[in-house]
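Asker: Sequence plus the predicted model coming up.
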Amino acid sequence: MKTIVLASNNKHKIKEIKEILGNVNILSLEEIGYRDEIEETGSTFEENATIKAEAIHKFLKEKNLSYPVMADDSGLCCEGLNGSPGVYSARYAGNHDDKANREKVIKELKGKTKEAYFVCDIVYIDEEGKKKNYVGKTFGEIIEEEKGRTDFGYDCIFYSKDLKKTFGEAEEEEKNEVSHRRRAIEELKKEL
């Protein structure tokens, strides 16, 4: 069974990626003993994913471990805001406050197109250091009224064109079937 190090400790993300990839062993940062914080200073999703993947690849080499590494960065891009909040999705209103982020997006989209998409950019570095990236997107529009669960990011204001409801109203399995992360991972899976 192939083993991949995922540059994350997010249990939800690890579970989702394991389910999509199937017969692959995923190791978290905790499991490889990586304790440092990786600062995401890139201006694009690919740059941020690359920063994380390269930091972990370097860490593994220093420990004489040979595993491929996978890192992702994702967020919401609104057509009416020229792609914002983009890489600043988690801290768009100045901190990691989901409700404040949603309110800012809704306010700034007044009178503008509501078309939006979630994007996930995955960077994969193999054991030899060869890097590839995979991108997945899921399309929809921003609505002004929160619908469904409000506990995760922009889900309750993102009306999915695939599901014909907000991600907040969707069951986890439904959302995962059409998610930006799934679409990026499916691209990677073709090459594994």
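Answerer: Thanks, I have it.
Asker: V119: what's its closest spatial neighbour, skipping adjacent residues?
Answerer: Counting by C-beta to C-beta, 6 or more residues apart in numbering, V119 lies nearest to K137, which is 5.0 Å off, once chain neighbours are set aside. All C-beta spots, glycine's among them, are computed from the backbone N, C-alpha and C.
Asker: SS state for the one you found?
Answerer: strand (DSSP: H, G, I helix; E, B strand; the rest coil).
Asker: what's it in contact with, if anything?
Answerer: By C-beta atoms under 8 Å, 6 or more residues apart in numbering, the residues touching K137 are Y117, F118, V119, C120, H180, R183.
Asker: Does the first one lie in a helix or a strand, and which?
Answerer: Taking DSSP states H and E as the definition, one finds Y117 inside strand 115-125.
Asker: Show me what that strand is packed against.
Answerer: If contacts are counted by 3 or more C-beta pairs under 8 Å, 6 or more residues apart in numbering; DSSP states H and E, strand 115-125 sits against helix 45-62, strand 69-78, strand 131-142, helix 180-191.
Asker: Look up how far A170 lies from the residue nearest the centre of the chain.
Answerer: In the chain, the residue lying closest to the centroid (C-alpha atoms, centre = their mean) is S74, at 3.3 Å. For S74, the distance to A170 equals 17 Å [C-beta to C-beta, to the nearest Å].
Asker: And for E47?
Answerer: Taking C-beta to C-beta as the measure, E47 falls 30 Å from A170.
Asker: The two: which is more packed in?
Answerer: The neighbour count for E47 versus A170, taken as other C-beta atoms under 10 Å, is higher for A170 (22 against 15).
Asker: Surely D72 touches R181?
Answerer: Yes: using C-beta atoms under 8 Å, D72 makes contact with R181 at a distance of 6.7 Å.
Asker: Return the helix or strand in this structure with minimum mean pLDDT.
Answerer: For the chain, counting by mean pLDDT, DSSP states H and E, helix 11-21 ranks last in confidence among helices and strands (a mean of 86).
Asker: Contacts for that helix next, please.
Answerer: Applying C-beta under 8 Å, 6+ apart, the contact partners of helix 11-21 are 4, 6, 8, 24, 26, 28, 70, 72, 176, 179, 181-182, 185-186, 188-189, 192.
Asker: With stretch 159-171 instead?
Answerer: 138-143, 146-150, 152, 154-158, 174-175, 178.
Asker: same thing with stretch 143-154?
Answerer: 76, 89-90, 98-99, 101-102, 105-106, 114, 118, 142, 155-159, 165-170.
Asker: if we go to 7 Å?
Answerer: If you take C-beta atoms under 7 Å, 6 or more residues apart in numbering as the criterion, stretch 143-154 is touched by 76, 98, 101-102, 105-106, 155-157, 159, 166, 168-169.
Asker: out of those residues, what pair is the most spread apart?
Answerer: Farthest-apart pair in those is N101 and E169; separation 18.9 Å (C-beta to C-beta).
Asker: Please compare these two by neighbour count and tell me which comes out ahead.
Answerer: Higher neighbour count among N101 and E169: N101, with 23 against 17, using other C-beta under 10 Å.
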